[in-house]
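> sequence-free structure coming up:
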């Protein structure tokens with residue numbers, strides 16, 4: 001027929017969300033082909049942590065089975081990797097040398113874990129934490145061994161530590177920054193988090209650098225910058241992610257940290273779009289799921305004819321998937337002279353709240369111990385509403401405000 005060929009490279013959460021949005025709007029417009037380099041059908045990467053901890057099983061985290069693709073006439077090329085984009089002829093080449101033509105191309109190649117140049121990072125039983133394979137390999141080690149070191153005390157590192165602890169491992173977390181999850185927390189919340197983790201039997205060392213990973217065949221110990229040696233059977237490295245932009249870069253698309261896109265998620269080539277963790281919009285790359293979904297929606301709108309659809313950037317909100325720890329952080333935490341910061345600490349109940357206000361608007365909020373009102377605060381931040389009339393009561397949440405003020 002005269003349908004346009006649309007190819008999606010990347011079958012992760014951003015790509016599949018884009019497909020869902022496209023199908024919802026009008027999936028008769030395109031012949032759709034999807035390339036996924038992992039040997040699995042689509043799964044929820046956010047649920048890798050419960051998979052690791054044993055709180056969920058593999059079938060619980062698969063979001064779309066093979067039938068879903070065929071029911072929607074989507075040609076799903078599972079376990080295939082595109083290695084070249086020939087933009088002049090609008091052709092793609094996969095690792096087997098096969099070629100495919102496209103009219104529109106959407107790149108959703110995500111990101112890959114950053115592997116710091118620590119000597120020994122290539123030993124057996126040293127893993128990054130990103131895919132179902134990574135989880136499987138970590139679990140194999142757990143069955144035979146007893147101790148693990150997690151390098152990186154950000155969101156992912158702490159979830160890995162918790163999962164390994166639940167699997168019976170003795171776990172130590174090493175973090176370079178003095179503050180855990182420093183992108184989302186302040187010193188007070190970090191201190192509370194460290195105490196909670198240690199009460200679960202997870203050892204935490206902050207302000208510490210890893211000098212080398214040692215062992216003959218596989219990892220046996222980790223040497224720290226202060227000279228200490230920690231014996232360990234498994235090392236998990238979770239120190240951040242880098243956008244997967246090599247394919248785009250090699251085809252001459254404009255890239256900085258990620259693949260540069262405009263408000264329509266279009267790259268420097270008007271026939272090619274990029275979204276998710278591989279994309280960079282207004283100097284920002286995003287590693288959380290909400291922004292990916294917002295981008296997927298805009299891109300699908302645009303490709304089904306709504307050229308007014310625009311992505312305007314996202315406000316980052318983060319929770320931690322560790323059972324028994326309630327933590328939520330949203331927006332910005334720059335404490336400069338232009339900001340007013342309100343804090344509430346209730347040590348008896350283990351509660352800490354912090355709100356950051358700038359120019360009569362709420363721009364950041366951090367909750368530890370009680371996150372029941374967090375979505376209300378998140379909406380306040382996203383709506384950029386003027387809060388001067390409720391500022392005095394803001395800390396007490398929506399339940400406290402009378403109907404007249406809340407309305």
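Received the coordinates, thanks. These numbers were taken from a predicted model, which means no experiment stands behind them.

> wouldn't residue 162 be in contact with residue 202 here?
Yes. Between residue 162 and residue 202 there is a contact under C-beta atoms under 8 Å: 6.9 Å. No exception for glycine: its C-beta is placed from N, CA and C like everyone else's.

> of these two, who's got more company?
Neighbours around residue 162 and residue 202, counted as other C-beta atoms under 10 Å, are more numerous at residue 162. The numbers are 27 against 22.

> Spell out the secondary structure type for the more buried one.
Per DSSP: H, G, I helix; E, B strand; the rest coil, the secondary structure class of residue 162 is helix.

> now residue 375
helix.

> so how far is residue 227 from it?
46 Å (C-beta to C-beta, to the nearest Å).

> Who has more neighbours out of the two?
Neighbour totals were compared for residue 375 and residue 227, and residue 375 leads with 13 against 7 (other C-beta under 10 Å).

> Just the buried positions in stretch 357-366, please.
357, 362-366 (16 or more other C-beta atoms under 10 Å).

> I misspoke; the intended subject was stretch 12-28.
Buried residues in stretch 12-28 (16+ other C-beta under 10 Å): 12-23, 27.

> Adding pLDDT and secondary structure, write these out as TSV.
What follows is these, written out as TSV (pLDDT from 0 to 100; DSSP: H, G, I helix; E, B strand; the rest coil):
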residue	pLDDT	secondary structure
12	95	coil
13	95	helix
14	96	helix
15	97	helix
16	97	helix
17	97	helix
18	98	helix
19	97	helix
20	97	helix
21	97	helix
22	96	helix
23	94	helix
27	74	coil
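
> Now do the contacts for residue 215.
120, 123-125, 221 (C-beta atoms under 8 Å, 6 or more residues apart in numbering).

> can you give me the helices for this protein?
13-26, 48-53, 58-61, 66-71, 132-144, 155-166, 187-199, 246-250, 289-303, 374-383, 403-406 (DSSP state H).

> Make a PyMOL selection of whichever of the contacts of residue 215 turn out to be buried.
Per 16+ other C-beta under 10 Å, the buried members of the contacts of residue 215 correspond to this PyMOL selection:
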select buried, resi 120+123+125+221
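
> now, which of the contacts of residue 215 sits nearest residue 394?
residue 125 (48.8 Å; C-beta to C-beta).

> isn't that closest one right next to residue 140, touching?
No. Shown here, residue 125 and residue 140 do not form a contact pair, counting by C-beta under 8 Å, at 9.1 Å.

> thinking again about what came up before, any chance of a markdown table for the buried residues of stretch 12-28, columns distance to residue 339?
Compiled in a markdown table, the buried residues of stretch 12-28 are given as follows (distance: C-beta to C-beta, whole Å):
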| residue | distance to residue 339 |
| --- | --- |
| 12 | 36 |
| 13 | 33 |
| 14 | 32 |
| 15 | 37 |
| 16 | 38 |
| 17 | 34 |
| 18 | 36 |
| 19 | 41 |
| 20 | 39 |
| 21 | 36 |
| 22 | 41 |
| 23 | 43 |
| 27 | 46 |
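
> Mind picking the one among those residues that's closest to residue 106?
Of all the buried residues of stretch 12-28, residue 18 has the smallest distance to residue 106: 6.3 Å, by C-beta to C-beta.

> From what I see, the closest one and residue 107 are in contact.
No. At 10.7 Å, residue 18 and residue 107 do not qualify as touching, with contact defined as C-beta under 8 Å.

> between the two, what contacts are shared?
residue 275.

> Give the ranges of residues in this structure that sit below the confidence cut-off.
1, 401-407 (pLDDT under 70).

> switch to 50 and redo it
404, 406-407 (pLDDT under 50).

> and residue 59, how many neighbours?
Neighbours around residue 59, by other C-beta under 10 Å: 8.

> and it, how far is that from residue 65?
In terms of C-beta to C-beta, residue 59 sits 10 Å off from residue 65.

> what do you get for residue 23?
Taken as C-beta to C-beta, the span from residue 23 to residue 65 is 15 Å.

> Give me the phi and psi for the residue nearest to residue 301 when sequence neighbours are not counted.
Nearest residue to residue 301, sequence neighbours excluded (C-beta to C-beta, 6 or more residues apart in numbering): residue 309, at 3.5 Å. Per-residue torsions, residue 309: phi -60, psi 130 (degrees, to the nearest 10).

> Could I get the contacting residues of residue 309?
264, 297-298, 301-302.

> Now do the buried residues in stretch 129-141.
Quick answer for stretch 129-141 (16+ other C-beta under 10 Å): 129-132, 134-135, 138, 141.

> Out of those, the closest to residue 4 would be?
Nearest member of the buried residues of stretch 129-141 to residue 4, counting by C-beta to C-beta, is residue 131, at 31.7 Å.

> So the closest one sits against residue 36, correct?
No. The pair residue 131 / residue 36 is not scored as a contact, 11.4 Å apart, by C-beta under 8 Å.

> CSV please, covering the buried residues of stretch 357-366 and showing distance to residue 398.
Output for the buried residues of stretch 357-366, formatted as CSV (distance: C-beta to C-beta, whole Å):
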residue, distance to residue 398
357, 17
362, 13
363, 18
364, 18
365, 13
366, 17
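
> nearest to residue 329, of these?
residue 366 (4.9 Å).

> Could you pull up the residues touching that closest one?
184-186, 189, 328-330, 333, 352-354.
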